[in-house]
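Asker: got a sequence here, can you build the structure:
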Amino acid sequence: MAFTNQLWRDAAQLRRAIHAHPFNKELAAGTLSRDAFAHYMIQDSLYLQGYARVLALGAAKAPAADEILEFSKAAEVAILVERALHAGYLTQFGIDAREAEAANPTPACEAYVNFMLATAITDSFSVLAAAILPCFWLYLDVGRAIGAKSKPGNFYQAWINTYADESFAAATQRMKDIVDLAAKRAGPKEQASMKAAFLRCAQYEWMFWDSAYHRRGWPI
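Answerer: Numbering: from 1, shown residues only. Coordinates of the predicted model:
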């Protein structure tokens, strides 16, 4: 069994929790609160700045030219392509995109970004590659599931289309291939660290959606 398939199996409970979360169930039905989605989009703008930095650090650590290119391109996509998606929704909400990118991160957003940045700086390329994979794979999984049952006229269709798209699926597969290759180069201890990083980031993905749904900020 491929290493990434083992990771996916180990994350089964987390994946079920993500699909069952009211944020994603209501997004699929088009009934999700606009305030909750606006909160999510602002936090996602902040997250993507950090994620792009993590990907850039991955490019710097990558052992081969193809991996350098893949991480570099992914960093560019995180800033350019997904910023366009955010801008469309933020405009409808009357929120300036530059103000969104300068907003205060929630505990969930800050913890997730800081965990990945720390991983990028202190851990190996293999562990970093495993840490960035949930953001690709879980969004593809959710996008496809929601896309299969979304009704016409869904306000959130542009978001759904972004993550159910075949080009995003292809990018996810390339990242899975990189993680599988990295796992082959790694020993048992490093593979265990890869698994731990993957599962921790999958947990952070659930927390990110949950924080947006409840519009959680800092308690004090």
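
Asker: please work out which residues outside stretch 85-99 touch it.
Answerer: Stretch 85-99 is contacted by residues 34, 37-38, 41-42, 44-45, 48, 83, 100, 158-159, 162 when judged by C-beta atoms under 8 Å, 6 or more residues apart in numbering. The C-beta positions use only the backbone N, C-alpha and C, and glycine is treated the same way.

Asker: go with 7 Å
Answerer: Stretch 85-99 has contacts (C-beta atoms under 7 Å, 6 or more residues apart in numbering) with 34, 38, 41, 42, 44, 45, 100, 158, 159, 162.

Asker: and the residue nearest to the second one when sequence neighbours are not counted, how far from residue 40?
Answerer: Excluding the flanking residues, the one nearest residue 38 by C-beta to C-beta, 6 or more residues apart in numbering is residue 93, at 4.6 Å. From residue 93 over to residue 40 the distance is 11 Å, taken as C-beta to C-beta, to the nearest Å.

Asker: same deal with residue 179?
Answerer: 27 Å.

Asker: which residue is the nearest non-sequential neighbour of the residue positioned nearest the centre of the chain?
Answerer: Centrality entry for the chain: nearest residue to the mean C-alpha point is residue 135, 2.4 Å, by C-alpha atoms, centre = their mean. Of all residues beyond its chain neighbours, the one nearest residue 135 is residue 51 (6.5 Å), with distances taken as C-beta to C-beta, 6+ apart.

Asker: what's the local residue count around that neighbour?
Answerer: 22 (other C-beta atoms under 10 Å).

Asker: okay but it is in contact with residue 139, surely?
Answerer: No - in this structure, residue 51 is not within contact of residue 139 by C-beta atoms under 7 Å, at 11.4 Å.

Asker: okay, buried residues for stretch 61-81 please.
Answerer: 61, 62, 67, 70, 71, 72, 74, 75, 77, 78 (16 or more other C-beta atoms under 10 Å).

Asker: so what's the fourth one up against?
Answerer: Residues touching residue 70, when contacts are defined by C-beta under 7 Å, 6+ apart, comprise 174, 178.

Asker: which SS class is it?
Answerer: Judged by DSSP: H, G, I helix; E, B strand; the rest coil, the three-state class of residue 70 is helix.

Asker: and it, how far from residue 24?
Answerer: Distance from residue 70 to residue 24, by C-beta to C-beta: 27 Å.

Asker: ok, the last one next?
Answerer: Here the criterion is C-beta to C-beta. By it, residue 78 lies 21 Å from residue 24.

Asker: what do you get for the fifth one?
Answerer: Here residue 71 is placed at a distance of 27 Å from residue 24 (C-beta to C-beta).

Asker: then residue 75?
Answerer: Taken as C-beta to C-beta, the span from residue 75 to residue 24 is 26 Å.

Asker: so, low pLDDT: which residues of the protein?
Answerer: Low-confidence segments of the chain (pLDDT under 70): 82.
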